[in-house]
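J.: Okay, sequence plus prediction incoming.
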Amino acid sequence: MNVPPLFIGLTLLFWGWEVKLLPSAVVGAVILELPRVFRWRWDFSDMDMRRVWDLCEILFAGAAVYGYATTDVTSGPGKFMPWLPLIFFPFIAATSYSAHDRVRLSTYFWLLRRKDRDVSSRTLGRFVPYWYFAVCFIAASIMNVRDIRFYAGVLLLGGWLLWTFRSRSIPGWAWAVLAVTVGIMGFFMQIGLTRLQSFVENKAGQILENLDSPDAEYTEARTAIGSVGKLQLSGRIILRVETDARQTAPSLLRNASFCTYQTAGNRSTWYVTKADFTSVSAGSELATWVLAVKRDTSSVATVSMFMSQGTGILPMPNGPAILEDLLADAVQVNSFGSVRVRQAPPLVRFKVRYGDNSTLDAPPNPADLEVPSRERPAVAQIAVDLGLASQSPTVILQRVEEFFDKKFTYSRYLKGVEYDPMGRNTALTQFLLHDHTGHCEYFATAATLLLRQAGIPARYAIGFAVPEEEGLGHVHLVRARHAHAWALAYVNGSWRDFDTTPATWFGIEDKQEAIYQPITDVLSWLRYHFARWRYYGERGAAGRLMLWVAPILLAWFAWRLFSQRRRVHLQDRRSREVKLRYAGSDSEFYLVERRLAQAGIPRRREEPLIAWVTRVNKAQGSQGASSSLRNIVALHYAYRFDPRGITPAQRSDLKSSVNSWLQNAS
């Protein structure tokens, strides 16, 4: 390596200091700097270097896959990139101990290893330590704490390297002044860029959050009441609900509830005016969140769902008390029964312990008894027909449930509102008094308003219905078409689920199953189990196994590489290369040339041999010696320049003629 002594070693130590792998960096630095002390090298071929590089590529790919598999895609690079100097260490070590100071371009690229590519024979000279220097800095920058020491390390090592390439025509003091000036300017510029990056990220985050807030649909819920057409929902799997053999799954999982109903034209909306979230304190055990203390936790279910950006609303059965195994930075609740999670893995998987009574919903407020003026005539008429006045809550609930069960049917087809010149007809009025058919939003809204008309506080709830059919291992698959709406009734001091949609709706919805649904189910199953292993599986054992297996494989590879290659001494190799770099370089004629130079008749620069021999003959005046010297020159010319070379007899004649000439000259 032609970099300054100790430069690569110090760079590796700087990396180890930043990523807290200093012991490994010390060992690596010693290995890379030892060749400056010991002159022994290994005679690695181009094929050997290719194999070492291929090994590093395999290690890089394995580290990338492992980093992605054990964390999310955005954090994966930050997990394996700090290890880049160790991943490429076998290659830099092999070049440090190689007897050949070259690495061919084809070593790095498989496509250039074909023999018919001329570019594959080009060498990169001593480029290896420089790209390894860059790799160390990239790896150190991933994990550094952005303090002054990192910038100082970058400035010192980078300045040291640039100093070795400085122009000798520029005075050293001028170069130093320029370097210090650039360093000071760079320090303040990187502070400004860091602040600019933070500002842009915050603004972008606010804009994106406002455009696609995970809580927007839970401050209001626009229904399809009054719309025209066919209600279409896909069979995409949204949730997986698991139970044991002793318990049944919760029938309903609520996302949110609402208290105010408004209509405007064909737009019908439920909303809440104020539903602020408050944080829940983590329990004493890891990944445990206590939503309500001293509540019934006799029922338990495990819910799994994919969540974009790890933030959103968790579907909950009525009366959630404790969440277990929920990996998240924060859990929040509001007074309308919604549970929000922050910074969770993309696959959210948790165990919820719950009871029959509500735990998160606030007591009723005046809005929970309001019936909109446009809906009041039809709702009041039905309440009178059912005789709900002055009845107990139990009787009211029973009569309302029987009313919808006996006289109404479920339909996915949405019928428009018939024209009424007096403006008294609404979609809900038409549903209650005339059509008697609709989907769950009609039933939930009508039931909520009927209960309020009878004096029972009620709210509109949305979420998912859990099918009764079980998969393997008591796993209930909740699909997009199982999205549901129902009423919440406040009875005996607690909110309870009150679903008046006919039970036949499950069968009607499941008839929407597409032909390709089995294929999408298989893909969903594969995605779910991979994500479950990725975020909740036993990856520690795999990691520990890799930490044991990888060094063993590297040690075996190094033994195969170094033990089967001939070891040479660096000085012997260089002297041999000098002697054998051209044909005839070992000719005995050079002994004659040296003797004549000592005698004061040296060969002049660029003087032809024949002209020099003529000048020697004139100076010595010996005819016999002149004839012998011309014969030596002729044999040397043939040995040096004739492509066919000389015969063994001629080679022997050259050696004997030189020896004879040297004896006579002495």
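T.: Sure thing, it's come through. Numbering: from 1, shown residues only.
J.: Buried residues, the helix or strand hosting Arg532. List them.
T.: Element membership for Arg532, per DSSP states H and E: helix 517-536. Buried residues in helix 517-536, counted by 16 or more other C-beta atoms under 10 Å: Gln517, Asp521, Ser524, Tyr528, Ala531, Arg534, Tyr535. Quick note: C-beta positions are derived from backbone N, CA and C, even for glycine.
J.: surely Arg604 meets Trp612?
T.: Yes - the criterion here is C-beta atoms under 8 Å, and Arg604 meets it with Trp612 at 7.1 Å.
J.: what about Ala487, which SS state?
T.: Three-state assignment for Ala487 (DSSP: H, G, I helix; E, B strand; the rest coil): strand.
J.: And for Ser169?
T.: coil.
J.: Val241 too?
T.: Relying on three-state DSSP, one would call Val241 strand.
J.: Just give the closest residue to it, not the sequence neighbours.
T.: Leaving out its chain neighbours, the residue that sits closest to Val241 by C-beta to C-beta, 6 or more residues apart in numbering is His476, at 4.3 Å.
J.: Can you verify my assumption that the one you found contacts Arg240?
T.: Yes - His476 lies in contact with Arg240 (C-beta under 8 Å); the separation is 7.2 Å.
J.: packing partners for the helix holding Arg532?
T.: Helix 517-536 is packed against strand 237-242, strand 299-306, strand 347-354, with contacts defined by 3 or more C-beta pairs under 8 Å, 6 or more residues apart in numbering; DSSP states H and E.
J.: can you rerun that using 7 Å?
T.: strand 237-242, strand 347-354 (3 or more C-beta pairs under 7 Å, 6 or more residues apart in numbering; DSSP states H and E).
J.: got the buried residues for the last one?
T.: Right, the one you point to is strand 347-354. Buried residues in strand 347-354, counted by 16+ other C-beta under 10 Å: Leu347, Val348, Arg349, Phe350, Lys351, Val352, Arg353, Tyr354.
J.: May I ask you to confirm that the fifth one is in contact with Glu324?
T.: When you say that, I think you mean Lys351. Yes - Lys351 is in contact with Glu324 according to C-beta atoms under 7 Å; the separation is 4.3 Å.
J.: Can you show me the helices along the stretch 351-500 of the chain?
T.: Per DSSP state H, counting those that start in this stretch, the stretch 351-500 of the chain carries helices over the ranges 376-386, 393-407, 427-430, 440-453.
J.: Mean neighbour count, those helices: which tops it?
T.: Across the helices of the stretch 351-500 of the chain, averaging neighbours per residue (mean count of other C-beta atoms under 10 Å) puts helix 440-453 on top, at a mean of 26.
J.: outside of that one, which residues touch it?
T.: Helix 440-453 is contacted from outside by 223-225, 261, 369-371, 375, 379-380, 382-383, 396, 400, 404, 428, 431-432, 458-460, 484-487, 489, 498, 500-501, 505, using C-beta atoms under 7 Å, 6 or more residues apart in numbering.
J.: One more: stretch 652-659?
T.: Glu588, Phe589, Leu591, Val592, Ser628, Asn631, Ile632, Leu635, His636, Tyr639.
J.: contacting residues for the first one?
T.: The reference is to Glu588. By C-beta under 7 Å, 6+ apart, Glu588 lies in contact with Leu654, Lys655, Val658.
J.: Of these, grab the buried ones for ChimeraX.
T.: With 16+ other C-beta under 10 Å as the burial test, the buried ones among those are selected in ChimeraX as follows:
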select :654,658
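J.: Narrow the contacts of Glu588 to those in helices?
T.: Cross-referencing the contacts of Glu588 against helices under DSSP state H gives Leu654, Lys655, Val658.
J.: For Val27, state which of the buried residues of helix 517-536 is nearest.
T.: Arg534 (32.3 Å; C-beta to C-beta).
J.: for the one helix or strand Leu629 maps to, packing partners?
T.: Using DSSP H and E, Leu629 sits within helix 623-641. In terms of contacts (3+ C-beta pairs under 7 Å, 6+ apart), helix 623-641 is packed against helix 589-598, helix 609-620, helix 648-665.
J.: one more time with 6 Å
T.: helix 609-620, helix 648-665 (3 or more C-beta pairs under 6 Å, 6 or more residues apart in numbering; DSSP states H and E).
J.: angle of it against helix 609-620?
T.: Interaxial angle of helix 623-641 relative to helix 609-620 (axes from the mean of the first three to the mean of the last three C-alpha atoms, to 10 degrees): 160 degrees.
J.: list the buried ones in helix 623-641?
T.: Of all the residues in helix 623-641, those buried under the rule 16+ other C-beta under 10 Å are Ser626, Ser628, Leu629, Ile632, Val633, Leu635, His636, Tyr637, Ala638, Tyr639, Arg640.
J.: Where does pLDDT dip in the stretch 201-350 of the chain?
T.: For the stretch 201-350 of the chain, applying pLDDT under 70 flags the ranges 201-220, 226-233, 265-266.
J.: So which residues of it form strands?
T.: For the stretch 201-350 of the chain, the strands defined by DSSP state E, counting those that start in this stretch occupy 220-222, 229-230, 237-242, 252-258, 260-264, 267-271, 278-279, 289-290, 299-306, 312-314, 320-324, 330-333, 339-342, 347-354.
J.: Output these as JSON lines; include the columns distance to Lys415.
T.: Output for the strands of the stretch 201-350 of the chain, formatted as JSON lines (distance: least, C-beta to C-beta, whole Å):
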{"stretch": "strand 220-222", "distance to Lys415": "18"}
{"stretch": "strand 229-230", "distance to Lys415": "9"}
{"stretch": "strand 237-242", "distance to Lys415": "28"}
{"stretch": "strand 252-258", "distance to Lys415": "24"}
{"stretch": "strand 260-264", "distance to Lys415": "16"}
{"stretch": "strand 267-271", "distance to Lys415": "14"}
{"stretch": "strand 278-279", "distance to Lys415": "42"}
{"stretch": "strand 289-290", "distance to Lys415": "44"}
{"stretch": "strand 299-306", "distance to Lys415": "33"}
{"stretch": "strand 312-314", "distance to Lys415": "31"}
{"stretch": "strand 320-324", "distance to Lys415": "37"}
{"stretch": "strand 330-333", "distance to Lys415": "38"}
{"stretch": "strand 339-342", "distance to Lys415": "36"}
{"stretch": "strand 347-354", "distance to Lys415": "38"}
